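In: here is my input, please return the structure:
(chains A and B)
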There are 2 protein chains.
Amino acid sequence: MVVGIIGLGLIGGSMAIDLKRRGFAERVIGVENDPVASEAALRMGLADEIVSFEECVRGSDIVVVAVPVGAAVKMLPRVLDIFMEDGFGGKIVIDTCSTKSQITRSVHYHPLRGRFVATHPMAGTEYSGPWAAMPNLFDGRACIFANSEDSDPQALKIVEDLYGVLNMRPIYMNADNHDVHTAYVSHISHVTSFALALTVLDKEQDEKHIFDLASGGFSSTVRLAKSSSDMWVPILTQNRENVLKVIDTYLEKMKEFRDAIDSYDDERIEGLIHEANKIKKILR
Amino acid sequence: MVVGIIGLGLIGGSMAIDLKRRGFAERVIGVENDPVASEAALRMGLADEIVSFEECVRGSDIVVVAVPVGAAVKMLPRVLDIFMEDGFGGKIVIDTCSTKSQITRSVHYHPLRGRFVATHPMAGTEYSGPWAAMPNLFDGRACIFANSEDSDPQALKIVEDLYGVLNMRPIYMNADNHDVHTAYVSHISHVTSFALALTVLDKEQDEKHIFDLASGGFSSTVRLAKSSSDMWVPILTQNRENVLKVIDTYLEKMKEFRDAIDSYDDERIEGLIHEANKIKKILR
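Out: A predicted model of the protein is given here:
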């Protein structure tokens, strides 16, 4: 099978590595508009060839759209249009984006909607670009299939096989529910990390050596603040309603903490910490 | 040298392991009031013997107070009082607490103030108790010596040797500055993690499977929410002024983000993320 990957960054590049070496893809062709990233992806062997967008769509059995969700929403209808122009040839397109409502809506009425499978492999790091790609990134993690009832069963089956090769656990979910859930377990974490980084960087302008003291706890809490704006601006704007709702709940919780500390209320601080500790039972 | 460790939890227990096996302590005696923790510490070999508080202070060359800072503030003057009662015998007491202003103030006018060295080894995990103790916990991390000019140079030298054996980098700092800095690079991270856990746990009451989707990013951001209230209530109350100030800056940054998302202002979101990304240059 020829797999065409549009966007050879962390996600696309890591997919390329494992789909090739695990035998799912006989050949990987890639699209990468950034010239440095393109050259790096070739040298790293992420793709057998870098081609144009049209060549990729025409030359692949499965097209993987692995670009930031703002670009993906515009690109996806064009991919299906090219499938149409060429006559239906059993081709499939998937996306890997972190928000699912707008992207599924963008092709909801397309005559070839069935050839699109909306997926969100829940794996990643705070790094981006082809140099962030790595083997085994997806192993054991969850992959969400959004609105899979709108995909042709045959196309869905092949994409399930693809993620099976990546050792991902499939979870089936409505696109709107997906966006609510990821606002809670992924998007808010990024916003809190960005805000934490901004808070400490502000202070650092006066006090030069503040980071000498940064502990492992600080590093892990602020890690996501390294994430790229290319990826996160469209996620936060596309999932605006849900993200705002979660931020508001979060601000209330922060204020509860603030009030308890402000009023020397040890019992209330203790109660809030005990409540928060319940996260232990849930996370490994 | 006999090292007496009061509180054989994560910090005290981990010190016991490395001070013993690296030859600094010929003998470790411990105080542990919780009967299960006490028995576990013995079985794990963290201490050669579990003794009473008074026996520990009387029988050790160096006493390490490794209990939550609320208890430490009350305990420390009593340790120096016992040194007095026994006649000055060159003994030393150190603490390992995460706030330093109140603890240094608690013995500032004590006649044996010089025998106390205030330290904060900046290492730890989100776990607590003797079962959380581990070898090599301190290697390569920073250890803060607070108000070290108030300690006898001979006592300071021995404690520097102790932390040298633990492979820690010494940093010398005024106790009040310490508490400002740690509010930024440690205490606020805990508050934001607790608030994040509370936010998501709230939602989880309606939506059972929300944590199936939790990514590695979420886990690392929320990790500190597993931290114990025994340790964190006294830190947050003792460092109340600084922590409140940092929380207020943090709330402002969160609101800036919220406003930018709310007003569809992609450029402002991008600007905030670029600013936050500067944390890359600072953290390894």
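
In: so where's the stretch 1-150 of chain A shaky on pLDDT?
Out: Within the stretch 1-150 of chain A, not a single segment meets pLDDT under 70.

In: and it, which residues reach chain B?
Out: A:M122, A:A123, A:G124, A:T125, A:E126, A:R141, A:A142, A:I144 (C-beta under 8 Å from any C-beta of the partner chain). For every residue, glycine as well, the C-beta is placed using N, CA and C.

In: who's in contact with the fourth one?
Out: Taking C-beta atoms under 8 Å, 6 or more residues apart in numbering or on different chains, we find A:T125 in contact with A:L10, A:A132, A:M134, A:L137, B:G216.

In: for A:M44, see how far away the second one is.
Out: Plainly put, A:A132 is 11 Å away from A:M44 if you go by C-beta to C-beta, to the nearest Å.

In: overlap in contacts of those two?
Out: Listed as contacting both A:A132 and A:M44 by C-beta under 8 Å, 6+ apart are A:G13.

In: residue ranges of the helices in chain A, please?
Out: Listed in chain order, the helices found in chain A under DSSP state H are A:10-21, A:35-43, A:53-59, A:69-85, A:101-106, A:153-165, A:175-182, A:188-204, A:216-222, A:229-238, A:240-262, A:266-277, A:279-282.

In: ok, A:V63 touching A:I92?
Out: Yes. With contact taken as C-beta atoms under 8 Å, A:V63 and A:I92 are classed as touching, separated by 7.2 Å.

In: okay, the two: which has more neighbours?
Out: Neighbours were counted for A:V63 and for A:I92 using other C-beta atoms under 10 Å in any protein chain shown; A:V63 has more, 31 against 23.

In: run through the bridge partners of that one.
Out: Under DSSP bridges, the beta-bridge partners of A:V63 are A:G4, A:V93.

In: for it, list the residues it contacts.
Out: With contact set as C-beta under 8 Å, 6+ apart, A:V63 has these partners: A:G4, A:I6, A:C56, A:V57, A:V79, A:K91, A:I92, A:V93, A:I94.

In: relative to A:R78, how far out is the fourth one?
Out: A:V57 sits at a distance of 8 Å from A:R78 (criterion: C-beta to C-beta).

In: what do you get for the second one?
Out: Taking C-beta to C-beta as the criterion, A:I6 is separated from A:R78 by 11 Å.

In: intersection of neighbour lists for these two?
Out: A:F53.

In: returning to that earlier point: of A:V57 and A:R78, which one has the most company?
Out: The residue with more neighbours, out of A:V57 and A:R78, is A:V57; 25 against 12, by other C-beta under 10 Å.

In: please name the nearest non-neighbouring residue to the more buried one.
Out: Distances taken as C-beta to C-beta, 6 or more residues apart in numbering or on different chains place A:I82 nearest to A:V57, at 4.6 Å, with adjacent residues excluded.

In: ok, the one you found - how many residues close by?
Out: Neighbour number of A:I82 under other C-beta under 10 Å is 18.

In: nearest residue to the middle of chain A?
Out: A:S98 (4.0 Å; C-alpha atoms, centre = their mean).

In: stretch A:275-284 close to chain B?
Out: Yes. Stretch A:275-284 lies within reach of chain B by C-beta under 8 Å from any C-beta, at A:E275, A:A276, A:N277, A:K278, A:I279, A:K280, A:I282, A:L283, A:R284.

In: surely the fifth one and B:A225 touch.
Out: If I follow you right, that is A:I279. Yes. Taking C-beta under 8 Å as the definition, A:I279 is a contact partner of B:A225 at 4.9 Å.

In: what residues do these two have in common as contacts?
Out: In contact with both A:I279 and B:A225: B:A197, using C-beta under 8 Å, 6+ apart.

In: can I get stretch A:205-220 in PDB? Just the C-alpha atoms.
Out: Taking C-alpha atoms only, stretch A:205-220 is exported to PDB below (Å, rounded to 0.1, in the frame of the first residue of the first chain):
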ATOM      1  CA  GLN A 205      12.900  39.600  34.300                       C
ATOM      2  CA  ASP A 206      13.600  41.000  37.700                       C
ATOM      3  CA  GLU A 207      15.300  38.000  39.300                       C
ATOM      4  CA  LYS A 208      17.900  36.400  37.100                       C
ATOM      5  CA  HIS A 209      18.500  33.100  39.000                       C
ATOM      6  CA  ILE A 210      15.000  32.000  39.600                       C
ATOM      7  CA  PHE A 211      15.300  29.000  37.300                       C
ATOM      8  CA  ASP A 212      18.200  27.600  39.200                       C
ATOM      9  CA  LEU A 213      15.700  26.500  41.700                       C
ATOM     10  CA  ALA A 214      13.200  24.900  39.300                       C
ATOM     11  CA  SER A 215      12.400  21.400  40.500                       C
ATOM     12  CA  GLY A 216      11.300  18.400  38.500                       C
ATOM     13  CA  GLY A 217       7.800  19.200  39.500                       C
ATOM     14  CA  PHE A 218       7.900  22.600  37.900                       C
ATOM     15  CA  SER A 219       9.500  21.200  34.700                       C
ATOM     16  CA  SER A 220       6.700  18.600  34.300                       C
END
